[in-house]
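1. next one to model:
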Amino acid sequence: MKTRLIAQALAGCALSVAAAGSGAAVTVLYSATDIADQNGQDLWQYTYVVQAGVALNQTVDIAFDHLVHSPLDVLSSSVGWFAQATPSDPGLAADGHVTILNADGTPDPQGDPLPATIEVLVERFAAGPVGSQPFEHFDDSFNTLGTGATAPVPEPGTWAMLLGGLALLAGVRISRRA
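-> Numbers count the residues shown, from 1 in each chain. Just a heads-up that it's a prediction; the model follows:
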């Protein structure tokens, strides 16, 4: 009897975890490029890629710590997506935000929302490495669907690049012999 009860409890836990993980989680990648400074401002261009999980009329809101950086302007956004920058206000201790809305909802051939690429002009106030920013995912009724942090665009590892280059050189050498 005890074993059966434990097995049922474990099966219920497994089902609830599977159901919770079935939705597409939102992934937001970023890269930061230092650009020419103007008027004493340390300017950067942040490029965000919203990869999955944002359906029609859903929003991703990326927060910018008012002590570190402030979004100044949206330079570009993908077709079908609307993006707006709200600058930080250090005087009021108010964080800045970039709000990204899926306004079109055109899916890819598999039925998933198309990814979005958004470029934002950012002023940095602090020195040091660029870090990730927290974000929230909302539906059209402003219910929070999830939270997370932006992640840097992955770069290939040193060893992977070295081995790939050596394999390419070996392939060229073999093709010259033939």
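2. poorly predicted segments of the protein, please.
-> Residues of the chain that meet the criterion pLDDT under 70 lie in 1-24, 105, 107-108, 111-113, 154-162, 178.
3. need the contact list for the residue nearest the centre of it.
-> Centroid-nearest residue in the chain, with CA atoms, centre = their mean: Val28, separated by 1.1 Å. Residues in contact with Val28 (CB atoms under 8 Å, 6 or more residues apart in numbering) are 48-51, 60, 62, 135, 148, 150-151. (Each C-beta comes from the backbone N, C-alpha and C, glycine too.)
4. try it again with 7 Å
-> Val28 is in contact with 48, 50, 60, 62, 135, 150, counting by CB atoms under 7 Å, 6 or more residues apart in numbering.
5. doesn't Ile100 make contact with the second one?
-> Okay, so that is Val50. Yes. Contact criterion CB atoms under 7 Å: Val50 and Ile100 qualify, at 6.0 Å.
6. would JSON lines of the contacts of Val28 with secondary structure and distance to Val74 be doable?
-> Shown next, in JSON lines, are the contacts of Val28 (DSSP: H, G, I helix; E, B strand; the rest coil; distance: CB to CB, whole Å):
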{"residue": "Tyr48", "secondary structure": "strand", "distance to Val74": "10"}
{"residue": "Val50", "secondary structure": "strand", "distance to Val74": "13"}
{"residue": "Val60", "secondary structure": "strand", "distance to Val74": "13"}
{"residue": "Ile62", "secondary structure": "strand", "distance to Val74": "11"}
{"residue": "Phe135", "secondary structure": "strand", "distance to Val74": "15"}
{"residue": "Thr150", "secondary structure": "coil", "distance to Val74": "16"}
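7. so can I have JSON lines of these showing neighbour count?
-> Output for the contacts of Val28, formatted as JSON lines (neighbours: other CB atoms under 10 Å):
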{"residue": "Tyr48", "neighbour count": "24"}
{"residue": "Val50", "neighbour count": "27"}
{"residue": "Val60", "neighbour count": "27"}
{"residue": "Ile62", "neighbour count": "26"}
{"residue": "Phe135", "neighbour count": "22"}
{"residue": "Thr150", "neighbour count": "21"}
